[in-house]
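**Q** sequence below, structure please.
(2 chains)
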2 protein chains.
Amino acid sequence: MKYLFTNIIGSFVLDQKLEIVDSILFKTVKEYKSKDECEERLKSKHTELESVPKEKMYEVLKIFKDKKYYPEFYQKNIILTKECVRQAVADDWLIIQAIANINELDKSTNLLTKRLREWYSLYLPELDQKVGNQENYVELVITKSKEELVKEFSITESMGADLTEQHVEEIVLLAKQIKELQQLRSIHENYLEKIMKKYTPNLLELAGVTIAAKLIELSRSLKRLALLPASTVQLLGAEKALFRHIKTGSRSPKHGVIFQHPLIQTAGHKNQGRAARMLADKLSLCARLDYFKGEFKAPDYRKMLEEKLK
Amino acid sequence: MKYLFTNIIGSFVLDQKLEIVDSILFKTVKEYKSKDECEERLKSKHTELESVPKEKMYEVLKIFKDKKYYPEFYQKNIILTKECVRQAVADDWLIIQAIANINELDKSTNLLTKRLREWYSLYLPELDQKVGNQENYVELVITKSKEELVKEFSITESMGADLTEQHVEEIVLLAKQIKELQQLRSIHENYLEKIMKKYTPNLLELAGVTIAAKLIELSRSLKRLALLPASTVQLLGAEKALFRHIKTGSRSPKHGVIFQHPLIQTAGHKNQGRAARMLADKLSLCARLDYFKGEFKAPDYRKMLEEKLK
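**A** Modelled structure (predicted):
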């Protein structure tokens, strides 16, 4: 009776004294992946091959600590590990990076738009109050001159300083940059929607891009999201309020990031808790459908929820 | 004996009973500014004109609460105030806005570059460690493909995932955006230097753009900076450490934003306190020269400091 043992260097046939009798060495890591084939070849040459019993495994492993094998063993293992790491980059990661990036673009845009408002207000302070929307404000600064704006918003006797072209130009440059940041955000959002449509169609359909991506970000992967109980999904993003509730006994939070969902927004104050619970329930189901490659059921869920919450 | 009284509506001659005997009304706010001329004209017409004594002022002012005068008085005052506000926008404000804007561009660039490094590391994680400089990293991501980078930095068996063109494109778009933010920063810095050269040549020459602008920002105006004692200028930007020193008796700070100045950086640890004191001294003088439109003495000061700190 002989033993068959395979590791990343090759397939080995050992006799009862644990000495190597026969072997097929793998030249590359690729060959290791088709190890079954090599094992078959050895099995057809030697009869009565068995796998190494547990109690002898320690000694067998010791053989490969030998200088003859160890460096190769070490290097091939690193290559294999690197390959595993490389393949571990799932769509999860791309989604998480993309949504984190969108959040940071938003932060930057807000920071710079606040500065733009303050800076441009030296020139035309009245515009700040008249235009609340950030994007509109930026657009107006870029496209219209002070004279045009004064006319459009019927501003009489502006308190703004008469800055020369040189100064105004710098402010407009900032505004243009902000506009580009806004455009990049929408490009990234389209991209995010595209990859999510492929990867988590159900979750995307029921939750919308932003909420779906945030849920994946907060739970760190689609797998973990699928395994979380619905009650946890309901509170993802409300951790602070939850721990405050546990610590001080304040009221428990009703919803985390799913709060922004239109179904909850339109539910009315009294029904929000109920709506959040039901939505989280279905979102959890969607995550499971997506993770285990199930059917596309999200539209049915949405209809169900809409009817119940009417 | 009669009284002469002038306000924004006009110049009035009042008799002893405080009734208006004669007047020149101003049609516009501009005429109010040449009020001396009108007063002269009235003085030549009426002899023995005096200004209203304090005890009668209250009654005189009451006259102009009359419906006949008040609306005009009110409106003209608003116009005048708006004009004052408009003219109060000095170069100080532009400098403060510009330096604040540069700081915020830096913040945004840092935030987004950190994200870029994390995102691109899914694709080629080895680059992150090999390239420390932010600008170089961004440039490499834009201009070189993964294959070129692997060759250039002799990376063997990258652990990065093989992302398709669609994904890499999004990352490169972010990198391009960051590069534009960096370019905008240097445009703004040039602009800042240009306006400071005109407004505070001495301070700019001795302190450099960034430190000079920060000093003005921290002291809120060149005027206030000129009036601050040199010891305060030395500690501008080190308020936190100063109050900690006062409260807890920890060691007193030696320098605020002037710490970044090359003269202090090269002074050696033992001499830094002395260097900071001397530099703050000269900077304070520079601010005063600039505020009171003095000579251009900064190069002499610089030479003096360099010799003393050798």
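
**Q** residue A:196 contacts residue A:203, correct?
**A** Yes - with contact defined as CB atoms under 8 Å, residue A:196 reaches residue A:203; the gap is 7.4 Å. Where you see a C-beta, it was placed from the backbone N, CA and C, and this is true even at glycine.

**Q** which of those two has more residues huddled nearby?
**A** Between residue A:196 and residue A:203, residue A:203 has the larger neighbour count (other CB atoms under 10 Å in any protein chain shown), namely 28 against 25.

**Q** what sits against the more buried one?
**A** A:196, A:212, A:215, A:216, A:222, A:283, A:286, A:287, A:290, A:298 (CB atoms under 8 Å, 6 or more residues apart in numbering or on different chains).

**Q** and if you look at residue A:94?
**A** A:195, B:122, B:163, B:167.

**Q** state the mean pLDDT of the helix or strand hosting it.
**A** Using DSSP states H and E, residue A:94 sits within helix A:91-120. Confidence over helix A:91-120 (mean pLDDT, whole number) is 92.

**Q** and the next element down the chain from that helix?
**A** helix A:126-130.

**Q** near the nearest residue to residue A:117 once chain neighbours are set aside, how many other residues are there?
**A** In space, and not counting its chain neighbours, residue A:117 is closest to residue A:128: 5.3 Å by CB to CB, 6 or more residues apart in numbering or on different chains. Residue A:128 has 14 neighbours, counted by other CB under 10 Å.

**Q** I'd assumed residue A:119 was in contact with residue A:128.
**A** No - Residue A:128 is not in contact with residue A:119 according to CB under 8 Å; the separation is 10.7 Å.

**Q** shared neighbours of residue A:196 and residue A:203, anything?
**A** Joint contacts of residue A:196 and residue A:203 (CB under 8 Å, 6+ apart) are residue A:212.

**Q** just give me the neighbour total for the spatially closest residue to residue A:281 that is not a sequence neighbour.
**A** Using CB to CB, 6+ apart and skipping residues adjacent in sequence, the residue nearest residue A:281 is residue A:230, 4.6 Å away. When neighbours are counted by other CB under 10 Å, residue A:230 registers 16.

**Q** I'd assumed residue A:284 was in contact with residue A:230.
**A** Yes - the pair residue A:230 and residue A:284 passes the contact test of CB under 8 Å, sitting 3.9 Å apart.

**Q** of the contacts of residue A:94, which one scores lowest on pLDDT?
**A** residue B:163 (86).

**Q** need phi/psi at it.
**A** phi -80, psi 150 (degrees, to the nearest 10).

**Q** now the strands for chain A?
**A** A:2-6, A:10-14, A:20-25, A:49-51 (DSSP state E).

**Q** tabulate those (CSV), appending mean neighbour count and mean pLDDT.
**A** Compiled in CSV, those are given as follows (neighbours: other CB atoms under 10 Å in any protein chain shown; pLDDT from 0 to 100):
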stretch, mean neighbour count, mean pLDDT
strand A:2-6, 19, 86
strand A:10-14, 21, 85
strand A:20-25, 14, 84
strand A:49-51, 12, 83
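
**Q** as a markdown table, these with distance to chain B would be great.
**A** As requested, these are exported to a markdown table (distance: least, CB to the nearest CB, whole Å):
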| stretch | distance to chain B |
| --- | --- |
| strand A:2-6 | 23 |
| strand A:10-14 | 21 |
| strand A:20-25 | 20 |
| strand A:49-51 | 31 |
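
**Q** okay if I get the ones you listed as JSON lines plus distance to residue B:240?
**A** What follows is the strands of chain A, written out as JSON lines (distance: least, CB to CB, whole Å):
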{"stretch": "strand A:2-6", "distance to residue B:240": "64"}
{"stretch": "strand A:10-14", "distance to residue B:240": "65"}
{"stretch": "strand A:20-25", "distance to residue B:240": "66"}
{"stretch": "strand A:49-51", "distance to residue B:240": "68"}
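
**Q** who wins for proximity to residue A:265 among those strands?
**A** Closest to residue A:265 of those, according to CB to CB: strand A:2-6, at 58.7 Å.

**Q** show me what that closest one is packed up against.
**A** Under the contact criterion of 3 or more CB pairs under 8 Å, 6 or more residues apart in numbering or on different chains; DSSP states H and E, strand A:2-6 touches strand A:10-14, helix A:35-45, strand A:49-51, helix A:54-63.

**Q** mind checking how far that strand is from the chain centre?
**A** 44 Å (CA atoms, centre = their mean, to the nearest Å).

**Q** and for it, what's in contact with it?
**A** A:11-16, A:18, A:21, A:35, A:38-39, A:42-43, A:46, A:48-52, A:56, A:60.

**Q** against residue A:128, how distant is residue A:120?
**A** Here the criterion is CB to CB, to the nearest Å. By it, residue A:120 lies 8 Å from residue A:128.

**Q** now for the contacts of residue A:94, which pair is the farthest apart?
**A** Largest pairwise distance in the contacts of residue A:94, by CB to CB, is 12.9 Å, between A:195 and B:122.

**Q** got the contact list for residue A:14?
**A** Counted by CB under 8 Å, 6+ apart, residue A:14 has contacts A:2, A:3, A:4, A:5, A:20, A:21, A:52, A:60.

**Q** an error on my part: the question was meant for residue A:184.
**A** Going by CB under 8 Å, 6+ apart, the list of residues near residue A:184 reads A:105, B:173, B:174, B:177.

**Q** ditto for residue A:106
**A** Counting by CB under 8 Å, 6+ apart, residue A:106 has contacts residue A:185.

**Q** tell me how many other residues crowd residue A:287.
**A** 28.

**Q** what of residue A:143?
**A** So residue A:143, with other CB under 10 Å, has 11 neighbours.

**Q** quick check: it vs residue A:166, distance?
**A** Counting by CB to CB - residue A:143 and residue A:166 are separated by 20 Å.

**Q** and for residue A:253?
**A** 52 Å.

**Q** phi and psi next, for residue A:261.
**A** The phi/psi pair for residue A:261 (degrees, to the nearest 10) is phi -70, psi 140.

**Q** you'd agree it is up against residue A:211?
**A** Yes - using CB under 8 Å, residue A:261 is in contact with residue A:211, at 5.8 Å.

**Q** between residue A:195 and residue B:122, which has more neighbouring residues?
**A** The neighbour count for residue A:195 versus residue B:122, taken as other CB under 10 Å, is higher for residue B:122 (21 against 18).

**Q** what's the separation between that one and residue A:120?
**A** Residue B:122 is 39 Å from residue A:120, by CB to CB.

**Q** can you name the residue of the stretch 151-300 of chain A nearest chain B?
**A** residue A:161 (3.4 Å; CB to the nearest CB).

**Q** contacts only, for that residue.
**A** Counted by CB under 8 Å, 6+ apart, residue A:161 has contacts A:122, A:123, B:86, B:87, B:89.

**Q** the least confident helix or strand in chain A by mean pLDDT - contacts with which helices or strands?
**A** The weakest-scoring helix or strand in chain A, judged by mean pLDDT, DSSP states H and E, is helix A:29-33 (a mean of 79). Applying 3+ CB pairs under 8 Å, 6+ apart, one finds that helix A:29-33 makes contact with helix A:70-88.

**Q** how far does the helix ranked longest in chain A sit from its chain's centre?
**A** Within chain A, and with DSSP state H defining each element, the longest helix by residue count is helix A:165-199. Centroid displacement of helix A:165-199 relative to its chain, using CA atoms, centre = their mean, is 21 Å.

**Q** and it, which residues are buried?
**A** By neighbour count with 16 or more other CB atoms under 10 Å in any protein chain shown, helix A:165-199 contains the buried residues A:167-168, A:170-175, A:177-179, A:181-182, A:184-185, A:188-189, A:191-193, A:195-196, A:199.
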